[in-house]
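# Provide a 3D model corresponding to the input given below.
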Amino acid sequence: MFWSKKAHPSLEGIELAEQCQLEAEALYRSGSHHCAEAVMEAIRRHFTPDMPESLVASVSGFGGGSGAGCICGAVSGGTVAIGLALHDKKATAHVTKELHTWFREKYGVTCCKTIRQTHKGACPVLTGEVAGKIAEILARK
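Below you'll find the model as predicted:
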């Protein structure tokens, strides 16, 4: 189950990606979820709704770059969500690589501390964008 980077998402996939983006950003802005949790919850709702909501707590340690400012929590939480949605090591690795490449092209780095210095106030928006990108990739047929 591999996706082509050149494949175009369907209109339904675009709408789903936008919905995930808006939901993740809203969860982050509400203060109820940090970046990793918001991405995980948006993807869980739409791609693995049978998974319990309590599963979102499994990524709680990833917020703020795992508390150390390292990899962006939205990206690391999204990586977990990808694995739960795909249930396939090779496909998960492929999609994760695509997500990281896209994120680095957009923000220059995946380091939380650097992003917070160079893109001040971007966390709510990038959280939504990560969820939207993951949904876009997962929705490709």
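# what packs against the least confident helix or strand in the chain by mean pLDDT?
When each helix and strand of the chain is scored by mean pLDDT, DSSP states H and E, helix 63-64 comes last, with a mean of 86. Contacts defined by 3 or more CB pairs under 8 Å, 6 or more residues apart in numbering; DSSP states H and E place helix 63-64 against helix 35-47. Using the backbone N, CA and C atoms, a C-beta is placed for each residue, glycine as well.
# tell me what the helix it packs on is packed against?
Looks like helix 35-47 contacts helix 11-30, helix 63-64, helix 73-86, helix 123-139 (3+ CB pairs under 8 Å, 6+ apart).
# Next, the angle helix 123-139 makes with it.
Helix 35-47 and helix 123-139 are oriented at 30 degrees to each other (axes from the mean of the first three to the mean of the last three CA atoms, to 10 degrees).
# Give me the angle between helix 35-47 and helix 73-86.
30 degrees.
# Helix 35-47 - what's its average pLDDT?
For helix 35-47, the mean pLDDT works out to 97.
# Could you check the angle it makes with helix 11-30?
Using the same axes, to 10 degrees: helix 35-47 against helix 11-30 is 140 degrees.
# how about helix 35-47: buried residues?
Of the residues in helix 35-47, 35-47 count as buried by neighbour count, 16 or more other CB atoms under 10 Å.
# now stretch 124-141
124, 126-139.
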